[in-house]
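*Asks:* Need the 3D shape of this:
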Amino acid sequence: MITRIPLFVSLISALSAPVAAGEPEVERILPVSGLSVAFFDLIDDTPTWRIRFTAPGLASEDVDYASVSDDMAWLCQEEALPRLEAVAASPEHIVVTLMQEPVEFGAAMPGIRQFFESYTVEDGLCIWEVY
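*Replies:* This is a model prediction of the structure:
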């Protein structure tokens, strides 16, 4: 069963500081690419959890997967794991999604650029899964 946990569940900022209940989600600047991202949602597809972020800058032709791959690993470690801990989830896998604009989960949107990356969670670390 897939459960979507909406934006208001957000409990941390980019620096892992608590976000007060009802406080709007802030955008963050990714450490490698410099893209601005905002948390969109968490999706429980146990044993896999999906964490999705919007990044309008993906529309730029200068942005490709290579320029965001390290950021995706950072998002898994620094954003996904603390958020999942906050909702008492114990994922085996995490899939990080960066999308140009919000997309309904599972919907095909050929005009919207999206990047996906999968990680195994072991000992509190995100370990990249090679497809």
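*Asks:* now Ser67: how far from Val95?
*Replies:* For Ser67, the distance to Val95 equals 19 Å [CB to CB, to the nearest Å]. Bear in mind the C-beta positions are built from the backbone N, C-alpha and C, glycine included.
*Asks:* for Leu42, same thing?
*Replies:* From Leu42 to Val95 the distance is 11 Å (CB to CB).
*Asks:* so what sits against both of these two?
*Replies:* Taking CB atoms under 8 Å, 6 or more residues apart in numbering as the contact rule, Leu42 and Val95 both touch Trp49, Arg50, Ile51.
*Asks:* Keep only those of those that are in strands.
*Replies:* Trp49, Arg50, Ile51 (DSSP state E).
*Asks:* Skipping its backbone neighbours, what lies nearest the last one in space?
*Replies:* Looking back up the chat, that one is Ile51. Among residues not flanking Ile51 along the chain, Ala80 sits closest, at 4.4 Å (CB to CB, 6 or more residues apart in numbering).
*Asks:* Double-check that Val40 belongs to a strand.
*Replies:* If you look again at residue 40, you'll see it is Phe, not Val. Yes. Membership of Phe40 in a strand is supported by DSSP: H, G, I helix; E, B strand; the rest coil.
*Asks:* contacting residues for it?
*Replies:* Contacts of Phe40 (CB under 8 Å, 6+ apart): Leu7, Arg52, Phe53, Thr54, Met99, Pro102.
*Asks:* Of these, which qualify as buried by neighbour count?
*Replies:* Buried positions within these, assessed by neighbour count (16 or more other CB atoms under 10 Å), are Arg52, Phe53, Thr54, Met99.
*Asks:* Pipe the residues you listed into a markdown table and attach pLDDT and distance to Ala73 per row.
*Replies:* As requested, those are exported to a markdown table (pLDDT from 0 to 100; distance: CB to CB, whole Å):
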| residue | pLDDT | distance to Ala73 |
| --- | --- | --- |
| Arg52 | 97 | 16 |
| Phe53 | 97 | 13 |
| Thr54 | 96 | 18 |
| Met99 | 96 | 17 |
